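Asks: Return atomic coordinates for the entry below.
(one chain, ligands or ions: 1)
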Amino acid sequence: MQLTKQTLNQHTDQVYDVLVVGGGAAGLSAGIYLQRYLLSTLIIDKGKARSHWMQELHNYLGLPADTPGRDVLKQGKAHYLSLDGDYLNGYVEDVIDEGETFAVHVRIGRTNPTYAVFRSRYLIAASGIIDHLPKLADMQNVFEYAGHNLHVCLICDGYEMRDKRAGVFGNSESSLEVAFPLGWFTPHITLFTNGEFEVSPAFRDRLQTHGYQLVEQPIKQFIGENHQMSGVELADGSIIELDAGLVSMGSKYHADYLKQIDLEYQSGNLITDKMNRTSHPRIFAVGDLKVGMNQVVIAAADGALAATQIWRDIRRAEGTRRSPTSSIAA
Ligand SMILES: Cc1cc2nc3c(=O)[nH]c(=O)nc-3n(C[C@H](O)[C@H](O)[C@H](O)COP(=O)(O)OP(=O)(O)OC[C@H]3O[C@@H](n4cnc5c(N)ncnc54)[C@H](O)[C@@H]3O)c2cc1C
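Replies: As a prediction, this is how the structure comes out:
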């Protein structure tokens, strides 16, 4: 059921089998599998999943190539709720490992927030990442095109850029490396530094060898209409025409709530085993937050793996069949 500020107190005195932080593709997939294993589940989500910004899911088996990410989320949430899973719109601030259980501290609402603590035996970190975007004076100008033809994911959208004039927007020399695999799809590549960093002579040589252009002036704004970016206006007023763009500026990793727990990371991603268990035996990580490929199909599969391993753990520990509604009293 969808929990609200009014009903959440009825749920803070139970111990869920699993609490899932994040209701994107990975968290919802985990929730659907968990409920179908007759385990009690609470998904807590702060909204604006990465898939929410995905205007078209181009590469998912069985779905039309123009399926918006928000449709996947809406359908996934309805499916999860139809299986009697609990869902709360809230922000997980902190997780404390109490030994047998986790205490999960949640803020609900932005203005006049309410605070609550939920408990679970297992935790799934499905909180994802969010892409850094070019920092322009008018960020609304960036949001106008980001996720449309100003892409953030080469694997997702390299195909969309085939043979087009593509701009690559980086925040360091290493971030611009993505131009070389993009060259598989199109030879017409212009790289932009937005005047923020220097490029080494060796890198310039490589660009020249490939025939790529380098623009080092600050960007004034993206130009275009109807969410279709058609170029870039530079600080001096000159225009560079483009058909598409690829932003490569790294991401923010949504894992602050795990700061009190000692876990293994690679860069910002959680390291897991093949069933998505982290270095903590009762914490699993799924989707973009874990080491792996940032794709919806992987996120959905990750959720299935983590849920299945948790079911195995609980089934082996308890030995007997559960009724669908049972959970341990706190
Ligand atoms: C513009 C764009 C286009 C893309 N195109 C494609 C494509 O064509 N094909 C493809 O396969 N993939 C595509 N992707 C990638 C795909 O969106 C991600 O791989 C996928 O959404 C990852 O799912 P996830 O569940 O791991 O994370 P998310 O979908 O980001 O979900 C994580 C959720 O956790 C929530 N959360 C974070 N922190 C907290 C907290 N502390 N408390 C509570 N909730 C929290 C977030 O708000 C979010 O709702 C695209 C991504 C973008 C941005």
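Asks: which secondary structure element contains the closest residue in space to Ala300 that isn't next to it in sequence?
Replies: Once flanking residues are discounted, Ala300 sits nearest to Ser29: 4.2 Å by Cβ to Cβ, 6 or more residues apart in numbering. C-beta here means a position set from N, CA and C on the backbone, and glycine is covered the same way. Following DSSP states H and E, one finds Ser29 within helix 25-36.
Asks: Who are the packing partners of that helix?
Replies: Packing partners of helix 25-36 (3 or more Cβ pairs under 8 Å, 6 or more residues apart in numbering; DSSP states H and E): strand 14-21, strand 41-45, helix 69-82, helix 296-318.
Asks: and of the ones you listed, who's closest to the ligand?
Replies: Taking Cβ to the nearest ligand atom, helix 296-318 is the member of the helices and strands packed on helix 25-36 nearest to the ligand, at 3.7 Å.
Asks: buried set for the closest one?
Replies: 296, 298-311, 313-314 (16 or more other Cβ atoms under 10 Å).
Asks: Spatially nearest residue to Asp94 (excluding sequence neighbours)?
Replies: Distances taken as Cβ to Cβ, 6+ apart place His105 nearest to Asp94, at 4.2 Å, with adjacent residues excluded.
Asks: Next, that neighbour: secondary structure please.
Replies: Per DSSP: H, G, I helix; E, B strand; the rest coil, the secondary structure class of His105 is strand.
Asks: ok, now which ones touch it?
Replies: By Cβ atoms under 8 Å, 6 or more residues apart in numbering, His105 lies in contact with Val92, Glu93, Asp94, Val95, Ile96, Tyr115, Ala116, Val117, Tyr257.
Asks: Which ones among those residues map onto strands?
Replies: Counting by DSSP state E, the contacts of His105 place Val92, Glu93, Asp94, Val95, Ile96, Tyr115, Ala116, Val117 in strands.
Asks: out of those, which is most surrounded?
Replies: Among the ones in strands among the contacts of His105, the one with the most neighbours (other Cβ atoms under 10 Å) is Val92, at 25 neighbours.
Asks: Which pLDDT does the model give the closest residue to the ligand within the stretch 201-330 of the chain?
Replies: Using Cβ to the nearest ligand atom, the closest approach of the stretch 201-330 of the chain to the ligand is made by Gly287 at 2.1 Å. We have a pLDDT of 98 for Gly287.
Asks: ditto for Glu98
Replies: Value listed for Glu98 in the pLDDT field: 97.
Asks: residues in contact with it?
Replies: For Glu98, the contact set (Cβ under 8 Å, 6+ apart) comprises Arg119.
Asks: mind checking how far it is from the ligand?
Replies: Going from Glu98 to the ligand by Cβ to the nearest ligand atom, to the nearest Å gives 19 Å.
Asks: what do you get for Arg110?
Replies: Counting by Cβ to the nearest ligand atom, the gap from Arg110 to the ligand is 13 Å.
Asks: Could you look up the SS state of that residue?
Replies: coil.
Asks: quick revisit: how about TSV for the helices and strands packed on helix 25-36, with mean pLDDT added?
Replies: Formatted as TSV, the helices and strands packed on helix 25-36 follow (pLDDT from 0 to 100):
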stretch	mean pLDDT
strand 14-21	97
strand 41-45	98
helix 69-82	97
helix 296-318	97
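Asks: Out of the ones you listed, flag the one nearest Ala179.
Replies: Evaluated over the helices and strands packed on helix 25-36, closeness to Ala179 peaks at helix 296-318, with 24.3 Å, by Cβ to Cβ.
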